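Q: need a structure here:
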Amino acid sequence: MKIYNTLSGRKEDFTPKGDTVKMYVCGVTPYAPSHLGHAMSYIVFDTIRRYLEFRFPNHKVKYVQNFTDIDDKIIARANESGISSKELAQRFIDQYFTVMDDLNIKRADIYPRATEEIPKIIEVIEGLIQKGHAYEVGGDVYFRVQSDPDYGKLSHRTLDGMIAGARVEIAEAKEHPLDFALWKAAKPGEPQWQSPWGPGRPGWHIECTAMSLKYLGKTLDIHGGGQDLIFPHHENEIAQSESFTGIKPFVRHWLHNGLMQLGEEKMSKSTGKLVTISEVLAKYGPDALRLWVLSSHYRSPVTYSDMNLAATKKAVERPISAANIDVEESKAATIDAQPYRERFINAMDDDFNTPKAVAVLFDLAREINRSRDEGRNIAEAQKTLRELARVLGLTLHSERAVLGIPLNSLLLVADKYGLREEVNKGAESTIDSLRDKRIELRRAKKYQDADNLRSDLKELGITFEDTPQGTIWRYKKP
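A: Numbering: from 1, shown residues only. From the prediction side, this is the model:
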């Protein structure tokens, strides 16, 4: 198995060390709804994680993903909204979990938050100061980039080149223009924590070093994120971590996904150029969105296109149909699905080549449909199709409409209220359960939640009517 390492710029052999694969992926800064760029990154790393679990079944894949729940953008947005930074961050963390669950993205083993890891962050900063890699000036603490002779090795830049080619934070107190903040002295009205250097808050980069050291140890197998994080974030992580521990490498394999484009620009919350995950899921469903992302190699950029997503939604019906054919057991010849499984593994072993892996799924689906028409036994082949689809995070749930309601649309609503499993029992049973959930919420005096549930179903054409005999529901195509 070979994977591309950003640090070396080439594909390298990957084999687990010990009985655990240690994997850290940089998470979101929760100050706005999660957008399609987030979906792309976390679909990619969810698929990588799933494949590692599939490929190395005797190993535990320990997956850690952080939340940067304090930074300038969160503080500014919270002040605009008239709420605390903590409340704002929690609102968008909750929204993040909802859309990621809808995308069938497995939960990380640990989701550390910067505000909950202050003691470890302070410990690492103190260690860097003691070793001469950091210094304090007026309550701020900076990393001394000139103390690390390897600084720039991930982004393949020199200090002079970085200064000439990038904007750098200007501060008279800094020894070098590229020295970066580990701790920021408190400003009036901002959240703050006590530290040996006075009240303040952590810088951006130090949190990931502290969290990865705490939860995964001094050397990680895989560290992932978008290509926009290579410099300065991941560059600074390497400098901090290796300077603190004295152990190299901090990360054995650095993986970076390509960026989501909207026209000619990167999709970004800060620029306002974005399409939210929720609106794309409502149009196309989770399988189509995942398949669209995985039809490109993870290191390649992807440009958002309604036309391409619509075509993918139509295309995904082929493996869905093949996986859900109801057939009686047959004594006729069975499809040999093993060659497809081997081709799938060969594709994914080559730096997680999902476009080739997707092609294998479609070839197997085509063989299943053809063999069905020939009266051959397709049961084992269907089982293999579903197994390989799960590695890519595809549910292959039927999109057929019941009562005119697409099941994936109903799935999103049911999952939001903890009733995902009800969808497997049919649309009517699911709506009955949602009706009962609304009644339960009203009895608990959670009227806003009950109204939200009612509104979600109304968008699908389902309305509730309270009668003396109880609450009934009606459906009318919207």
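
Q: Quick one, grab the pLDDT at the residue nearest in space to the middle of the chain.
A: Closest to where the C-alpha atoms of the chain average out (CA atoms, centre = their mean) is Tyr42, at 2.3 Å. Looking at Tyr42, its pLDDT is 98.

Q: Can you give me every residue that contacts Ile43?
A: By CB atoms under 8 Å, 6 or more residues apart in numbering, Ile43 lies in contact with Leu103, Ile105, Leu289, Arg290, Val293, Leu294, Gly393. Where you see a C-beta, it was placed from the backbone N, CA and C, and this is true even at glycine.

Q: can you list the weak-confidence ranges in the stretch 201-350 of the chain?
A: Confidence mapping of the stretch 201-350 of the chain against pLDDT under 70 gives the ranges 264-273, 327-331.

Q: let's see it at 50
A: Filtered on pLDDT under 50, the stretch 201-350 of the chain yields no residues whatsoever.

Q: before we move on, the earlier item: excluding chain neighbours, give the residue nearest to the residue nearest to the centre of the chain in space.
A: Nearest residue to Tyr42 in three dimensions, chain neighbours excluded: Ile105, at 5.4 Å (CB to CB, 6 or more residues apart in numbering).

Q: What strand or helix carries the one you found?
A: Assigned by DSSP states H and E, Ile105 belongs to neither a helix nor a strand.

Q: hang on, the earlier thing: closest one to His59 out of the contacts of Ile43, please.
A: Gly393 (19.4 Å; CB to CB).

Q: which ones are touching that closest one?
A: Counting by CB under 8 Å, 6+ apart, the residues that Gly393 touches are Ile43, Asp46, Thr47, Arg50, Leu103, Asn104, Ile105, Lys106, Arg290.

Q: Run a quick neighbour tally on the second one.
A: The burial count assigned to Asp46 is 22, neighbours taken as other CB atoms under 10 Å.

Q: can I assume it sits in a strand?
A: No - counting by DSSP: H, G, I helix; E, B strand; the rest coil, Asp46 falls outside a strand, being helix.

Q: so the residue nearest to Tyr42 makes contact with Asp46?
A: Yes - Ile105 is within contact range of Asp46, at 4.4 Å (criterion: CB atoms under 8 Å).

Q: so Trp197, which of the three states?
A: Strictly by three-state DSSP, Trp197 counts as coil.

Q: Glu279: how many residues sit nearby?
A: Neighbour tally, Glu279, other CB under 10 Å: 12.

Q: Tell me which helix or strand it sits in.
A: Secondary structure (DSSP H and E) places Glu279 in helix 277-284.

Q: May I have that helix exported as PDB, CA atoms only?
A: The C-alpha coordinates for helix 277-284 follow below in PDB (Å, rounded to 0.1, in the frame of the first residue of the first chain):
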ATOM      1  CA  ILE A 277     -23.800  21.200   2.800                       C
ATOM      2  CA  SER A 278     -27.500  21.400   3.900                       C
ATOM      3  CA  GLU A 279     -28.700  22.900   0.600                       C
ATOM      4  CA  VAL A 280     -26.700  20.400  -1.500                       C
ATOM      5  CA  LEU A 281     -28.000  17.400   0.600                       C
ATOM      6  CA  ALA A 282     -31.600  18.600   0.100                       C
ATOM      7  CA  LYS A 283     -31.200  18.600  -3.600                       C
ATOM      8  CA  TYR A 284     -29.100  15.500  -4.300                       C
END
